[in-house]
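Peer 1: generate coordinates for the sequence data below:
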Amino acid sequence: MKSQTWNHRVNASRRAFTLIELLVVITIAAILLLFAVPVTNSVLTANQITTGTQMVVDGLSLARQTALTQNRVVEVRFYDFASLERGDATTTEVSAFEAVIYDETNTKSSPLGSVEHLPGGVVVSKDESLSSLLKTSREKTNWTTDDPKQSLPRGIGSSYKTYALRFRPDGSTDLGAGSWFLTLHGSRETGSPPPNHAAVQIDPYNGSLRLYRPG
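Peer 2: All right, here's what the predicted structure looks like:
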């Protein structure tokens, strides 16, 4: 009888010890998860910025190449708008762009491809010190009957600003002298520039591109 009681106490002790071990493991896992979440978010944002930057580089490169090969003016438009799909219908952000090609008279445009939307959480900075291509002077205002603003780009809505640059048939741009660039970063990141960002520089004279990443 005493032996059974002793065994029962030993088993109970073992069960209690196992429960404590389980709680310790859970606590350690929770702490590790707490530290891992910011790191994971940072890596995810970095990957999204890389993807978005490559989209911009590819879009600009295609626009320049098309201008050269088809001997036409090609305009790349960056859209500043509020996006329901990105979870905010009040705050505007530059998160989409589109290339259009003009006819021989440079008056009527047609889309070169579809509107490109940057990955969720990635925007082009509207700080002019980070994105000189989004200066007020670059806002498109020369809309015409043949090239109307009312021909709404997909997913942009009816209220938006457009910042544009043009590639000429010789590959040069209409930007003029100066340093011209776009900076992409996470929409929730702060700083000038934020630690995690990428910048695309455009040579105004030959349209060539250079990519900069911190570190």
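Peer 1: S83: neighbouring residues, count only.
Peer 2: The burial count assigned to S83 is 20, neighbours taken as other C-beta atoms under 10 Å. Just so you know, the C-beta spots here come from the backbone N, C-alpha and C atoms, and that holds for glycine as well.
Peer 1: check contacts around it.
Peer 2: Listed by C-beta atoms under 8 Å, 6 or more residues apart in numbering, the contact set of S83 reads 89, 93, 95, 155, 157.
Peer 1: also E189?
Peer 2: 45, 195-197.
Peer 1: what values do phi and psi take at it?
Peer 2: With angles defined as degrees, to the nearest 10, E189 sits at phi -90, psi 150.
Peer 1: check R72 too.
Peer 2: Dihedral angles for R72 - degrees, to the nearest 10 - are phi -130, psi 160.
Peer 1: how much space separates it from G191?
Peer 2: According to C-beta to C-beta, to the nearest Å, R72 stands 40 Å off from G191.
Peer 1: next one: the residue most central in space within the chain, what pLDDT does it get?
Peer 2: Nearest to the geometric centre of the chain sits V122, at 3.0 Å (C-alpha atoms, centre = their mean). Listed pLDDT for V122 reads 94.
Peer 1: one more: S114?
Peer 2: The model's pLDDT for S114 equals 91.
Peer 1: also A82?
Peer 2: pLDDT at A82 comes out at 88.
Peer 1: can you name the residues bridging to it?
Peer 2: Beta-bridge partners recorded for A82 (DSSP bridges): T92.
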